[in-house]
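In: Quick one, fold the following:
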Amino acid sequence: MADFIDGTENVTVHGIFNWIRLLIIFSVITVIGNYLGYKHPMTDSLVGMGILSLITLAGVWMERELPFNISSILYISIIGIVIALPGMPTSKFVLYYVSKIELLSIVTVFLAYVGIGMGKSWDEFKALGWKAVIITILVIASTYYGSAIVAHIILVLTGVPAA
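Out: Presented below is the predicted three-dimensional model:
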């Protein structure tokens with residue numbers, strides 16, 4: 001039977017526990033970074049990461065169990081949007097606690113995890129060659145500058161002074 005964490009279609013108890021273990025480790029490290037870097041209370045950050053972890057688990061489970069060919073990212077986004085919509089009974093609770101998690105705290109842990117993953121497959125990375133590195137840098141830079149341009153346009157259109 002395929003393992004849940006491998007991205008295969010079958011959900012196993014072992015795979016679910018692997019995801020839970022991974023999300024707990026990820027959450028604890030994020031909460032510590034969130035406290036040290038931004039002085040958010042650890043209990044609030046832990047609840048916020050619990051919410052994000054539950055949404056992640058639900059989205060990953062839906063990707064594997066529903067008969068549609070839809071990425072878990074879409075399911076996770078939809079769940080997050082729906083439970084945070086104004087008027088939903090969960091809205092105030094979710095927004096309060098998730099707002100206690102700084103994006104940079106999450107991204108730092110995620111990038112460290114990616115770095116460890118890259119370190120394990122260094123031979124595969126080297127096989128991509130220098131062209132892949134340049135393309136990666138260009139994609140990241142383009143995404144950053146594209147986002148900055150869109151944000152600036154929106155700020156100008158809404159009359160908010162740009163910094």
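In: Helix, strand or coil: sort out the residue lying closest to Ser77 once chain neighbours are set aside for me.
Out: Of all residues not flanking Ser77 in the chain, Gly59 sits nearest, at 7.9 Å (CB to CB, 6 or more residues apart in numbering). Bear in mind the C-beta positions are built from the backbone N, C-alpha and C, glycine included. Taken by DSSP: H, G, I helix; E, B strand; the rest coil, the conformation at Gly59 corresponds to helix.
In: Which elements pack onto the lengthiest helix in the chain?
Out: Secondary structure of the chain per DSSP state H: the longest helix is helix 130-158. Under the contact definition 3 or more CB pairs under 8 Å, 6 or more residues apart in numbering; DSSP states H and E, helix 130-158 sits against no other helix or strand.
In: buried residues in that helix?
Out: Within helix 130-158, no residue counts as buried by 16 or more other CB atoms under 10 Å.
In: average pLDDT for that helix?
Out: Helix 130-158 comes out with an average pLDDT of 85.
In: that older thread, could I get the pLDDT score of the residue nearest to Ser77?
Out: Per-residue confidence (pLDDT) for Gly59: 94.
In: Go ahead and confirm it touches Ile70.
Out: No - using CB atoms under 8 Å, Gly59 is not in contact with Ile70; the gap is 9.7 Å.
In: chain center to the helix or strand bottoming out on mean pLDDT in the chain, what's the gap?
Out: Sorting the helices and strands of the chain by mean pLDDT, DSSP states H and E puts helix 122-128 at the bottom, at a mean of 74. Distance of helix 122-128 from the chain centroid (CA atoms, centre = their mean, to the nearest Å) equals 25 Å.
In: do the same with stretch 74-88
Out: For stretch 74-88, the distance to the chain centre is 15 Å (CA atoms, centre = their mean).
In: can you dump the C-alpha coordinates of that stretch into PDB?
Out: The C-alpha coordinates for stretch 74-88 follow below in PDB (Å, rounded to 0.1, in the frame of the first residue of the first chain):
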ATOM      1  CA  LEU A  74      -6.000  24.500  -4.200                       C
ATOM      2  CA  TYR A  75      -7.900  22.600  -1.500                       C
ATOM      3  CA  ILE A  76      -5.800  24.200   1.300                       C
ATOM      4  CA  SER A  77      -6.400  27.700  -0.100                       C
ATOM      5  CA  ILE A  78     -10.200  27.100  -0.500                       C
ATOM      6  CA  ILE A  79     -10.500  25.700   3.100                       C
ATOM      7  CA  GLY A  80      -8.500  28.600   4.500                       C
ATOM      8  CA  ILE A  81     -10.500  31.200   2.600                       C
ATOM      9  CA  VAL A  82     -13.900  29.700   3.500                       C
ATOM     10  CA  ILE A  83     -13.200  29.400   7.300                       C
ATOM     11  CA  ALA A  84     -11.800  32.900   7.400                       C
ATOM     12  CA  LEU A  85     -14.700  34.600   5.400                       C
ATOM     13  CA  PRO A  86     -16.500  37.300   7.300                       C
ATOM     14  CA  GLY A  87     -19.700  35.900   8.600                       C
ATOM     15  CA  MET A  88     -18.400  32.400   9.100                       C
END
